[in-house]
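> Okay, sequence plus prediction incoming.
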Amino acid sequence: MHSFLYFRGACNRLIAGSASYLRNVMTLFHARIVTASEAGACRVFGGAIVRKRKNSIMQRKRQWLPILAAVVVLALIAAIVNFERALDGNASARFTDDARKQLLQPIHPGIPGEKPFWNPYSKRFISAPAFEFKEVPEAMAYRFLVAAETDSQEYVFEAAKPWVPLSPIWSSLPNGRLTLRVDALTAPGGQKLATVGNRIFLKSPPFAKVRNEPAFPYEQSGYRSLKNLLQQPKIQYWRTHSEPDPSYPLWTHATKIMSAVVVGMVHYAKFFPEEPDAGEALRVAEIVADFLLALTEPPGKPLEFWPATYWDGVPRGEHPYFQNEIMTNSPAIAAEMLLDLYDFTKEKDYFVAAQNIADTYVKTQNEAGTWSQILSTTTGLAIKDHKLVPTMVIELFDRLIENYALAKYITCRDKALDWCMKYPMATFNWQAQFEDTRPQKQYKNLSREEPVEFARILLKRSADHPEYVDMARELIRFAEDQFVVWEPTDPVLEYPWFKQNSKWNGTTFPGGFDWFVPCVLEQYKFYTPVARSSQLMILAYLDAYQYTNESIYHAKAVALANTLTIAQAFHGGGEIPTHLRKNLPESNWINNGVRPAITLIENAAILTAKPY
């Protein structure tokens, strides 16, 4: 594989280098024609020129050698281009074939009484779904009838159970809106006893190939986003006032947004130390980190050292504020930020603050191995009976254990990992964990964030547990099936996902025609393309490529990365926009610009390679 990539790269370098050579040859050729015409037209040449031609036939032949070489180079370029096209065509066909086979395999299908069905609220699928419909005792067979809106046709098959996947007809069904009815029968091909279930949902197209080129080189895209952020008035306000700019309402999400500022500025100073404002970026990072540390719970309180999830120090507009509550994944975000700052500055106070946060996680972990999703800062008790899916906490403990040899966190980390294996990995109840969205009942508001984070956690451990690779694949398939839009023809773009006239709907109605595609949607309750969602899928795809060597994962990462740069260019080439839409419905969330920028910079080399 590496030899092939080297050859392909050499071909590309040859094509690029040949351009300069051809320009020089054609310039020389043009100069000789002009010289001859000036010396005399047609067969009447100046004596000196005729004598030179007669006396040096070999020199004349040598003069044409560059032209002949140019012809050879052009032929070689044509062959290479055709070879590249064949490679891309073969890759596209291979991706399509692989996807087509996988489409017929349901993702984590349920079995009544044994394995729960995760999709009672799901509205679209790329792979064949299976639904939980109850059996009729006297039924001997079940008829599945799907009416397709796209072609006005009906597709039918029969099965022994009402909850089998739609695999037998899935490849025949057109993309678009589908209506399913399942009837109990007296016998195979027999009379109808009763209708046992109905569902209306969308079928979406799978990934086929990378369709767009990046608007900027990946590293340049990340640089542009971080540089632009540093120059924005709301960031410069920190430098001049040492407090948040009151005109930016998103500071109310204190830990998430302030941590993102620190992480972005630290990485800007780290990646681009030669920039004249690198020192200024680092100073902003320290000011913001110190401000957030001042918002932590005091020592001795139930949630001591954890920073505020919510802050009411600025006019917050439409953004929620829940007094005396902490969303239990947010302290992990702050701790990771503090470790980034410590790694760069070696200021020990930041390292101690990160450890203090981790220690409170240890103190508050429940017997099952996780935490309640929302805790009271007053009592330390649960506000709602929903459990945290602790992928961010596991990642924090991994970092403390692996990078700083803090073995004291191993037990707590392993309990959290075991809880994830026992519950969401088994049930696929990957409920959304956002501080601006209240917890919902089981399966009602799924998200792709925790499953792809857990997929990366599993892949990292797959050397000792090879079975984790297939588990991670399934998690990535689930996230893609429910939240990734690959094609501009996807029916997801044809329907409003919010109330009529909501700014969150695509402004060119119907649907999201102003979306940049491909893209990744955030959660069921906020079914719209967000940059941070794409960034996490990019990381999951790149990890899957690293551990499986399957190039389709790389291609999917590239396709999503390219969209980030295209949306960025459309909106002026500065900060990567939060909403991957042509019409932005609100101010950018800083974390949605920072995290993708860092991912593009850190993975620029592998994203640029073409292993297919």
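The structure has been received and is ready for your questions. A quick note: this is a predicted structure, and the numbers were derived from the prediction, not measured.

> which helices and strands sit right next to the helix or strand that contains residue 360?
Applying DSSP states H and E as the criterion places residue 360 in helix 348-364. For helix 348-364, the packing partners by 3 or more Cβ pairs under 8 Å, 6 or more residues apart in numbering; DSSP states H and E come out as helix 330-345, helix 391-404. No exception for glycine: its C-beta is placed from N, CA and C like everyone else's.

> what's the closest of those helices to residue 111?
Nearest to residue 111, of all the helices and strands packed on helix 348-364, is helix 391-404, at 26.1 Å by Cβ to Cβ.

> re earlier: quick check: next helix or strand after the helix holding residue 360?
Trace forward from helix 348-364 with DSSP H and E and the next one is strand 374-376.

> can you tell me which strand in the chain is longest?
The single longest strand within the chain, with elements called by DSSP state E, is strand 192-203.

> which helices and strands sit right next to whatever helix or strand comes next after it?
Moving toward the C-terminus from strand 192-203, the next helix or strand (DSSP H and E) is helix 218-231. Helices and strands touching helix 218-231, by 3+ Cβ pairs under 8 Å, 6+ apart, are helix 254-271, helix 278-293, helix 551-570, helix 590-602, helix 604-608.

> Enumerate the positions of the second one that are buried.
Translated: helix 278-293. 278, 280-282, 284-289, 291-293 (16 or more other Cβ atoms under 10 Å).

> so what's residue 598 closest to, chain neighbours aside?
residue 267 (5.2 Å; Cβ to Cβ, 6 or more residues apart in numbering).

> now the one you found: how far from residue 278?
11 Å (Cβ to Cβ, to the nearest Å).

> Could you do residue 527 as well?
39 Å.

> now the protein, which segments are flagged as low pLDDT?
Where the chain drops to pLDDT under 70, the residues are 1-96, 98-99, 507-512, 612.

> could you redo the last one with a cut-off of 80?
Filtered on pLDDT under 80, the chain yields the residue ranges 1-100, 506-513, 611-612.

> okay, now the domains of it?
2-39+51-103, 124-203, 218-608 (automatic domain parsing).

> Just name the most buried of these.
domain 218-608 (a mean of 20; mean count of other Cβ atoms under 10 Å).

> need the contact list for residue 595.
260, 263, 531, 532, 535 (Cβ atoms under 8 Å, 6 or more residues apart in numbering).

> I figured the third one hits residue 581, correct?
To tie it back to what came earlier, the one meant is residue 531. No. Residue 531 is beyond contact range of residue 581, at 10.6 Å (criterion: Cβ atoms under 8 Å).

> Now the common contact residues for those two.
Common neighbours of residue 531 and residue 581 are listed as residue 567 (criterion: Cβ under 8 Å, 6+ apart).

> Quick check: residue 245 vs residue 289, distance?
Residue 245 is 17 Å from residue 289, by Cβ to Cβ.

> Just say helix, strand or coil for residue 179.
Look at residue 179: counting by DSSP: H, G, I helix; E, B strand; the rest coil, its state is strand.

> tell me the contacts of it?
By Cβ under 8 Å, 6+ apart, residue 179 lies in contact with 146, 147, 149, 198, 199, 200.

> isn't there a strand covering the first one?
Yes. Applying three-state DSSP, one finds residue 146 inside a strand.

> Please give me every residue in contact with it.
154, 155, 156, 166, 169, 173, 178, 179, 180.

> In JSON lines, list those along with distance to residue 503.
Below are the contacts of residue 146 laid out as JSON lines (distance: Cβ to Cβ, whole Å):
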{"residue": "154", "distance to residue 503": "38"}
{"residue": "155", "distance to residue 503": "38"}
{"residue": "156", "distance to residue 503": "42"}
{"residue": "166", "distance to residue 503": "35"}
{"residue": "169", "distance to residue 503": "38"}
{"residue": "173", "distance to residue 503": "33"}
{"residue": "178", "distance to residue 503": "29"}
{"residue": "179", "distance to residue 503": "30"}
{"residue": "180", "distance to residue 503": "33"}
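
> thought residue 487 was touching residue 208?
Yes. Residue 487 is within contact range of residue 208, at 7.4 Å (criterion: Cβ under 8 Å).

> ok so, going back, show me how far the longest strand of the chain is from its chain's centre.
Centre-to-centre, strand 192-203 and its host chain are 33 Å apart (Cα atoms, centre = their mean, to the nearest Å).

> Same question for stretch 109-126.
Chain-centre distance of stretch 109-126: 24 Å, with Cα atoms, centre = their mean.

> same deal with stretch 201-216?
That offset, for stretch 201-216, works out to 13 Å (Cα atoms, centre = their mean).

> now residue 185, nearest residue through space, not along the chain?
Using Cβ to Cβ, 6+ apart, the nearest residue to residue 185 is residue 141, at 4.4 Å.

> Phi and psi next, for that neighbour.
With angles defined as degrees, to the nearest 10, residue 141 sits at phi -160, psi 170.

> residues contacting it?
158, 159, 160, 184, 185, 187, 188, 189, 190.

> mind checking the backbone torsions on the closest residue to the second one other than its chain neighbours?
Read that as residue 159. With sequence-adjacent residues excluded and distances taken as Cβ to Cβ, 6+ apart, residue 159 is closest to residue 142, at 5.6 Å. When quoted as degrees, to the nearest 10, the phi and psi of residue 142 stand at phi -140, psi 140.
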